[in-house]
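K.L.:
quick one: sequence and predicted model below, then my questions.
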Amino acid sequence: MGAGHGADLATVLARFPKQRPALTPEIQAIYLRQYRENRSGRTPAASAAQRLERWMHRQVAADLAGGATRATLELGAGMLNQLPYERFTAPYDIVEPFRELYADAPDRGRVREVFADIAEAPAEHRYGRITSIAALEHMCDLPLVLARAARLLEPDGVLRVAYPSEGGFLWTVGWMFTTGLEFRLRHGLDYGIMMRHEHVNRADEIETLVRGLFGEVRIKSFGLGRQLSLYRFLEARGPRLDVAAAWEACFQPVPARRRKPVGSAST
């Protein structure tokens, strides 16, 4: 890791923990309904976005193509949309603070343990895989979450995460002229306010943090390069446990409180 990369890492770390921009009262009033419609694909734009998001789900599950079974922890599991892609995975634990999202999910019975916060995962638990799909961009305490994830991995474990190319040109244009336009036509409101509230982390910030914490990182884009992509997939190995311990000591958890759902505010 060169000096330039280290400076970038320090700059990104200094932004955390982040504060989530507030919603307007009008958007707050329809927030939960909008979230459920988005995640269930109940509107034309949401349905189209979910078809595109299959790329993220498939990338994260690609290491299971041979039927290998490894203990998995999914961060921000939401409505358990990843489990249909992970038929060979067991045991399967999740981190998800919003119980209403997963309680009635068809694959709920496949989940061994549920944690409202990654801090609740016992220190003796070790996972061969820690995964996340369209969730890391939502986390105000992302360095702390990643540090704890690194310390829960088995020595040969892998972090496999997918996320929107937040901050990139194609992603921004994509949601503005699909979900954003549909939202304005239906409600007369600015979807950008919701996106800024939900997506507190850009794709490059996620990647800088993971590169600072892991020795081996591979990134793949769904599109033409970073700026002209909709989604990205990242695989990381070789966690630097000394860095993880330092981040845990630096970023103390915020007081416990009820959280909003973690999931994608899609294109």
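P.N.:
That came through fine.
K.L.:
which helix in the protein has the most residues?
P.N.:
If you go by DSSP state H, the chain has its longest helix at helix 44-61.
K.L.:
residues in contact with the helix or strand just after that helix?
P.N.:
Using DSSP states H and E, the next helix or strand after helix 44-61 towards the C-terminus is strand 72-75. Under the criterion Cβ atoms under 8 Å, 6 or more residues apart in numbering, residues 82, 86, 89, 91-95, 118, 121, 125, 127-133, 135-136, 145, 149, 152, 161 lie in contact with strand 72-75. C-beta: built from backbone N, CA, C; applies to glycine.
K.L.:
now with 7 Å?
P.N.:
82, 86, 89, 92-95, 118, 121, 127, 129-132, 135, 145, 149, 152 (Cβ atoms under 7 Å, 6 or more residues apart in numbering).
K.L.:
tell me the strands beside it, with direction?
P.N.:
As defined by DSSP bridges, the strand partners of strand 72-75 come to strand 92-95 (parallel), strand 127-133 (parallel).
K.L.:
tell me the pLDDT of the closest residue to R129 other than its chain neighbours.
P.N.:
Spatial nearest neighbour of R129, chain neighbours left out: T72 (4.4 Å); criterion: Cβ to Cβ, 6 or more residues apart in numbering. On pLDDT, T72 comes in at 96.
K.L.:
now the one 3 residues further on
P.N.:
pLDDT for L75: 98.
K.L.:
is it bridged to anything, and to what?
P.N.:
Here L75, judged by DSSP bridges, has bridge partners V95, S132.
K.L.:
count of residues packed around it?
P.N.:
Using other Cβ atoms under 10 Å, L75 has 23 other residues around it.
K.L.:
likewise D242?
P.N.:
D242, neighbours per other Cβ under 10 Å, totals 8.
K.L.:
renumber starting at 35 from here on
P.N.:
OK, 35 is where the count begins now, so the last one is D276.
K.L.:
give me the helices and strands touching the host helix or strand of it, please.
P.N.:
Assessed by DSSP H and E, D276 sits inside helix 275-284. Judged by 3 or more Cβ pairs under 7 Å, 6 or more residues apart in numbering; DSSP states H and E, helix 275-284 is in contact with helix 176-186, helix 237-247.
K.L.:
again, only this time at 6 Å
P.N.:
Contact analysis of helix 275-284 by 3 or more Cβ pairs under 6 Å, 6 or more residues apart in numbering; DSSP states H and E lists helix 176-186 as its packing neighbours.
K.L.:
now the angle from the helix or strand that the helix it packs on is followed by to helix 275-284?
P.N.:
Sequence order places strand 187-198 as the next helix or strand after helix 176-186, per DSSP H and E. Calculated by axes from the mean of the first three to the mean of the last three Cα atoms, to 10 degrees, strand 187-198 forms an angle of 70 degrees with helix 275-284.
K.L.:
show me what the helix or strand that strand 187-198 is followed by is in contact with.
P.N.:
For strand 187-198, the following helix or strand on the C-terminal side (DSSP H and E) is helix 203-210. With contacts defined as Cβ atoms under 6 Å, 6 or more residues apart in numbering, helix 203-210 is touched by P198, S199, G257, Q261, L262, L264, T301.
K.L.:
try stretch 241-253
P.N.:
By Cβ under 6 Å, 6+ apart, stretch 241-253 touches 42-43, 46, 177, 180, 184, 266, 268-274, 277.
K.L.:
now A139: closest residue in space that isn't a chain neighbour?
P.N.:
Using Cβ to Cβ, 6+ apart, the closest residue to A139 is L114 (4.1 Å).
K.L.:
OK, contacts around that neighbour?
P.N.:
Each residue near L114 by Cβ under 6 Å, 6+ apart is listed here: Y136, A139, D141.
K.L.:
so of those residues, which ones are in helices?
P.N.:
Y136.
K.L.:
fine, thanks again, bye for now.
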